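Colleague: give me a model of this one.
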Amino acid sequence: MPSHLRHLRIGLVATTAGAVGLALAMPASTSAATSRKVQVNAVPHWTAHAHSTGAVAAKTRVKLTAVLNLRNTAGAQRLALSVSDPSSSNYRHYVTPSQWRASFAPTHAQIASVTSWLSHKGFKVGAVPANGRYVSFTGTAKQAESAFGTSLHGYVKDGARVMANAKPATVPATLARVVAGISGLDTSVKSKPSHTTGQATKEGSANRLAAPALPSPSAKPVDELPPPSPVFRNAGPCSTYFGELVAPYPSPFATPLTYAPCGYKPAQLRGAYNLTPFQSAGYDGRGATVAIVDAYASPFILSDAQKYAARNDAAHPFRSYQLNENLPLTFTDTEACDAAGWYGEETLDVEAVHAMAPAANVLYVGGQSCNDADLAAAVNTVVDNNLAQIITNSYGDYGEPGSPDASVTEFLQTSLQAAAEGITVLFSSGDNGDEIDNTGTRQVDWQASDPFTTAVGGTSLEIGKTNNYVKEYGWGTGTSPLTNGHFALPATYLYGGGGGTSRWFTQPSYQHGVVPQEIARSNGTSVPMRAVPDVALDGDPQTGMLIGQSQTFPDGSIQYSEYRIGGTSLSSPLMAGLTAVEEQALHAQLGFINPLLYKVLYRTAALHDINDGRAITNGVVRVNFVNSFDASQGVNVILRTFNQTGTIWTRPGYDDVTGVGTPNAVNFLLGTAGLLKHGGHGPAPAR
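Modeller: So this is what the prediction gives:
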């Protein structure tokens, strides 16, 4: 998780244009002039409560990243906001990567000063991207302690052995204006995929991951990718559309209980979000590229996606030229990060994007590991080379604990550049609701809380017999086992779409006048803060999507199999595919869409306003195989409730479960087309 970094203040401040932007504060000039060393990393806050296992062995190999500051942060913020704001005369006047670098990237001389110093300290210097976002380097623990004036200790955190700096890390004052911080000293900083099959019990998500293991002097620097995870299958009975099969159990609600859908197929999802008319008119995402960023890479992704489309969406085959991959030469931390678990994430993302935008190109960019620095580097690859119009990211940290560190700075700078270039960056809002059950405190998840990304929350979606939209609830699931022929209420909270209020970022300008003060100040702050999510789509595993993936069967064979899956990992790629179709139909690149959502489309027919308050009035019956594979060891029958969301709940207008609502694609198009017709700064629609 992110560690303290005292001199780095991340917030939102008013700019000269009256907008709101990120403030990445630099060390004061007097500090550089009077001090030989300047602190860039504080001691991670969690170390005060973790068990220390002692000093890290001197010869332990460490992989680190020096994150570099932008040259003109305030100017970068103003540019990113002005090209994204429909009320600005500069709306959609995007810049190229080379134009961005010329104005905001560290100079060649600044980068050279950092690489030269690192080399002098004995490190092996690696990649430096064209925008100078970071300098990667490797060495030993002893070299790192000497160079940064710190000491590296092992700790036990959340049951895993990790490493962190036990003393603040410093750099020479001459580098203090260039180096924002050092990422990698704290090896607990990592992301988790935001998907779940729904088989998980109260003990945790099926995809909960341990923190990366403490490195050792003999650890292999390169890992081989493992075979796929053990097979998971959904048990029956299940419904082909919502409400099809009535379950023979007494209902605790006003309506009869029905069996959960078997898993929605592409035509059902397109129908529910009103994309079917686009398909009829020839708008299917053609010409757009959606980038998907996850860790690692499934060896079976193309064959799985093609087989899935052939079986479930035959009119829209997944052609080999539609998939391109950008992968690192090596992978690391494959055991600690559960690399095989990320195969399911990648498969879901690829198939969900294709479901909504069947002709769009998909670029898969795999991170070297699940460490935040590696995933940030993967996103930066897309942005700095302008490889896609839309990026979907289905992962994140558990909450925003402590204070931001260097990896946070790296993401923030990349999202600013993406906005300036007109790239839409989507992040799943998380699968642990308000995070209270998971972390003990009410939090939103990083990276979804980044004010320059679009946080996508989750819903429970009812799709009717004719692929029609019936209803959506805020995704919050309670679970109650069948006991003596009945389901008892209240159900035990299990999981749900992430949402709430940031502790790091003050309220961005696009949320002014939309987000209720009750939400914006829910943490007791003196100023309103950034609220999450921004928009929502289907995410509940009970109403999730059917996907097809190669899995490892009990006999050791690897076979293609299909199962239902959900999570905000589904919500984000669904939104990415929908956005690709919208851009094709509009002949326009929408870029950072939050100002459009809040200032133009909010409370119009473009969005379904999800509003059930805290009422738990419905749910479905789910049947699980005990062994997750077949009925040989029996099945469990469970009630899964809807709209059980805890301290966050749906309400009229904006809410911290579904944001401004869920999209109706046709009306989204009409509302946006009217805006573009009037030059991007016409009158706002009536509220």
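
Colleague: by residue count, what's the longest strand in the chain?
Modeller: Scanning the chain for the longest strand, with DSSP state E as the assignment, gives strand 454-463.

Colleague: against which helices or strands is that strand packed?
Modeller: Contacts defined by 3 or more Cβ pairs under 8 Å, 6 or more residues apart in numbering; DSSP states H and E place strand 454-463 against helix 266-272, strand 424-428, strand 469-474, strand 535-538, helix 568-586. All C-beta atoms are positioned from the backbone trio N, CA, C, and that covers glycine.

Colleague: switch these over to CSV; also include mean neighbour count, distance to residue 404 and mean pLDDT.
Modeller: Conversion of the helices and strands packed on strand 454-463 to CSV gives the following (neighbours: other Cβ atoms under 10 Å; distance: least, Cβ to Cβ, whole Å; pLDDT from 0 to 100):
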stretch, mean neighbour count, distance to residue 404, mean pLDDT
helix 266-272, 24, 36, 98
strand 424-428, 29, 16, 98
strand 469-474, 22, 28, 98
strand 535-538, 29, 24, 98
helix 568-586, 29, 22, 98
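
Colleague: of these, which is nearest residue 246?
Modeller: strand 469-474 (15.9 Å; Cβ to Cβ).

Colleague: after the closest one comes which helix or strand?
Modeller: Note on strand 469-474: by DSSP states H and E, the next helix or strand toward the C-terminus is strand 476-483.

Colleague: specify the angle between that following strand and strand 454-463 in degrees.
Modeller: Compare the direction of strand 476-483 with that of strand 454-463 by axes from the mean of the first three to the mean of the last three Cα atoms, to 10 degrees and you get 40 degrees.

Colleague: tell me the strands beside strand 476-483, with direction?
Modeller: Sheet pairing of strand 476-483 (DSSP bridges) gives strand 486-487 (antiparallel), strand 492-496 (antiparallel), strand 635-641 (antiparallel).

Colleague: now mean neighbour count, mean pLDDT and distance to residue 181 too, for those strands, in a markdown table please.
Modeller: Formatted as a markdown table, the strands paired with strand 476-483 follow (neighbours: other Cβ atoms under 10 Å; pLDDT from 0 to 100; distance: least, Cβ to Cβ, whole Å):
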| stretch | mean neighbour count | mean pLDDT | distance to residue 181 |
| --- | --- | --- | --- |
| strand 486-487 | 18 | 96 | 50 |
| strand 492-496 | 24 | 97 | 33 |
| strand 635-641 | 20 | 98 | 43 |
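
Colleague: just send those back as a markdown table, with distance to residue 108 too.
Modeller: Output for those, formatted as a markdown table (distance: least, Cβ to Cβ, whole Å):
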| stretch | distance to residue 108 |
| --- | --- |
| strand 486-487 | 66 |
| strand 492-496 | 48 |
| strand 635-641 | 57 |
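
Colleague: closest to residue 347 out of those strands?
Modeller: strand 492-496 (20.2 Å).

Colleague: what's the angle between the closest one and strand 469-474?
Modeller: Using the same axes, to 10 degrees, strand 492-496 lies at 110 degrees relative to strand 469-474.

Colleague: after strand 492-496, which helix or strand is next?
Modeller: Next element after strand 492-496 (DSSP H and E): strand 500-506.

Colleague: which helices and strands does that following strand pack with?
Modeller: Where contact means 3+ Cβ pairs under 8 Å, 6+ apart, strand 500-506 is packed against strand 10-14, strand 529-532.

Colleague: chain center to it, what's the gap?
Modeller: 16 Å (Cα atoms, centre = their mean, to the nearest Å).

Colleague: stretch 72-83 now?
Modeller: With Cα atoms, centre = their mean, you get 23 Å for stretch 72-83.

Colleague: repeat that for stretch 299-319.
Modeller: Counting by Cα atoms, centre = their mean, stretch 299-319 comes out at 24 Å from the chain centroid.

Colleague: stretch 382-400 now?
Modeller: For stretch 382-400 - counting by Cα atoms, centre = their mean - the centre lies 7 Å from the chain centre.

Colleague: got the end-to-end distance for it?
Modeller: 25 Å (Cα to Cα, to the nearest Å).

Colleague: who's in contact with stretch 178-186?
Modeller: 3, 5, 8, 24, 40-41, 44, 62-69, 106, 110, 113-114, 134, 144, 148, 150, 152, 162-165, 169, 171, 189, 371-373, 405-407, 409-410 (Cβ atoms under 8 Å, 6 or more residues apart in numbering).

Colleague: turn the buried ones among the residues you listed into a named PyMOL selection, would you?
Modeller: Selection of buried members from these for PyMOL, criterion 16 or more other Cβ atoms under 10 Å:
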select buried, resi 3+5+8+24+40+41+44+62+63+64+65+66+67+68+69+106+110+113+114+134+144+148+150+152+162+163+164+165+169+171+189+371+372+373+405+406+407+409+410
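
Colleague: in strands only, show me the contacts of stretch 178-186.
Modeller: 24, 40-41, 62-68, 134, 152, 162-165, 169, 171.

Colleague: domains in the chain, by residue range?
Modeller: Per automatic domain parsing, the structural domains of the chain span 10-69+106-189, 261-473+495-598+668-677.

Colleague: deepest-packed of these, please.
Modeller: Of all those, domain 261-473+495-598+668-677 has the most neighbours on average by mean count of other Cβ atoms under 10 Å, namely a mean of 23.

Colleague: wait, doesn't residue 372 sit right on residue 187?
Modeller: No - if you go by Cβ atoms under 8 Å, residue 372 and residue 187 don't touch, sitting 10.5 Å apart.

Colleague: okay, now the unreliable bits of the stretch 151-300 of the chain?
Modeller: 195-196, 198-222 (pLDDT under 70).
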